[in-house]
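> sequence unknown, structure follows:
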């Protein structure tokens, strides 16, 4: 039923084994999400995924914060620690409850807020503007709020990551290849996406694919 109604392919097997992961059509996938309750298996699965399909953007959930650097060194795109995130939310709720409520609103679809990252590539009208001028223009044209940027930085080992800078210094010029982070409400999001003329999120990975193939995501 799941596959027929939601166009989702389900494969059963030991996800920490390469043979099982090969059932997931990895060459055509662009992203993989690894989110079990077992840190060791999550790490093993992420390493196998990067070996089988180096082009994949891999997101991994781990409870142990010390595993973050190991996974980043292996080429994992993003590592999230639910225990660390939950701890920060609890601390914020105790001291600055409205801050915690804000994060809750941004991560709950019922509140109708959206935080999106848009690539700074043509025809995005913000390319080349200074941050303050870009912020004024986004507000004037769409009512949304420009809150920060993400810019590429080298990581040890030659791999690249994107550094997020909220409210960057005056004079920061928005360069091609960066991303802008924009907060919008339910009554602004469609106007924003129409005006900015580029789709939010990362572009498809550059793994060569046969003509007519489609992008997909893998969750294990």
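Yep, that arrived. Note that this is a predicted model, so its numbers are computed, not measured.
> what residue spans form the domains of the chain?
Here the domain assignment for the chain is 2-80, 113-196, based on automatic domain parsing.
> in TSV: those, plus distance to residue 97 and mean neighbour count.
C-beta here means a position set from N, CA and C on the backbone, and glycine is covered the same way. Listed next are those as TSV, based on distance: least, CB to CB, whole Å; neighbours: other CB atoms under 10 Å:
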stretch	distance to residue 97	mean neighbour count
domain 2-80	23	16
domain 113-196	18	16
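> between the ones you listed, which one is nearest to residue 89?
The minimum distance between residue 89 and the domains of the chain falls on domain 2-80, with 13.0 Å, by CB to CB.
> if we can go back for a sec, by mean pLDDT, show me the worst of the domains of the chain.
The weakest mean pLDDT among the domains of the chain belongs to domain 2-80, with a mean of 83.
> distance between it and the chain's centre?
A distance of 15 Å separates the centroid of the chain from that of domain 2-80, by CA atoms, centre = their mean, to the nearest Å.
> quick one: the domains of the chain as a markdown table, columns for distance to residue 93 too.
Output for the domains of the chain, formatted as a markdown table (distance: least, CB to CB, whole Å):
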| stretch | distance to residue 93 |
| --- | --- |
| domain 2-80 | 19 |
| domain 113-196 | 18 |
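> by residue count, what's the longest strand in the chain?
Taking DSSP state E as the criterion, the chain has its longest strand at strand 145-154.
> run through who's touching stretch 37-50.
Stretch 37-50 is contacted by residues 15-18, 21, 26, 32, 34-36, 56, 58, 60-64, 67, 70-71, 74-76, 218, 220 when judged by CB atoms under 8 Å, 6 or more residues apart in numbering.
> ok, which stretches of this protein are strands?
Counting by DSSP E, the chain has strands at residues 29-34, 57-61, 78-80, 113-119, 145-154, 160-166, 179-185, 216-219.
> mind giving me the packing neighbours of the fourth one?
For strand 113-119, the helices and strands in contact under the criterion 3 or more CB pairs under 8 Å, 6 or more residues apart in numbering; DSSP states H and E are helix 97-106, strand 179-185, helix 189-196.
> repeat for the longest one
Other elements packing on strand 145-154 under the criterion 3+ CB pairs under 8 Å, 6+ apart are helix 131-142, strand 160-166, strand 179-185.
> I'd like those as TSV, with distance to residue 172 appended.
Listed next are these as TSV, based on distance: least, CB to CB, whole Å:
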stretch	distance to residue 172
helix 131-142	4
strand 160-166	8
strand 179-185	11
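> what's the closest non-adjacent residue to residue 17?
Leaving aside its sequence neighbours, residue 17 sits nearest to residue 48 (CB to CB, 6 or more residues apart in numbering; 7.8 Å).
> please report the distance of the one you found from residue 134.
Going from residue 48 to residue 134 by CB to CB, to the nearest Å gives 41 Å.
> same deal with residue 87?
Residue 87 is 34 Å from residue 134, where distance means CB to CB.
> can you check residue 91 too?
Residue 91 is 33 Å from residue 134, where distance means CB to CB.
> go on, residue 85?
Distance from residue 85 to residue 134, by CB to CB: 29 Å.
> buried residues, stretch 91-105. List them.
The neighbour-count check on stretch 91-105 (16 or more other CB atoms under 10 Å) flags 92, 100 as buried.
> now it: how far from the chain's centre is it?
22 Å.
> equivalent analysis for stretch 93-113, please.
Worked out by CA atoms, centre = their mean, stretch 93-113 lies 19 Å from the chain centre.
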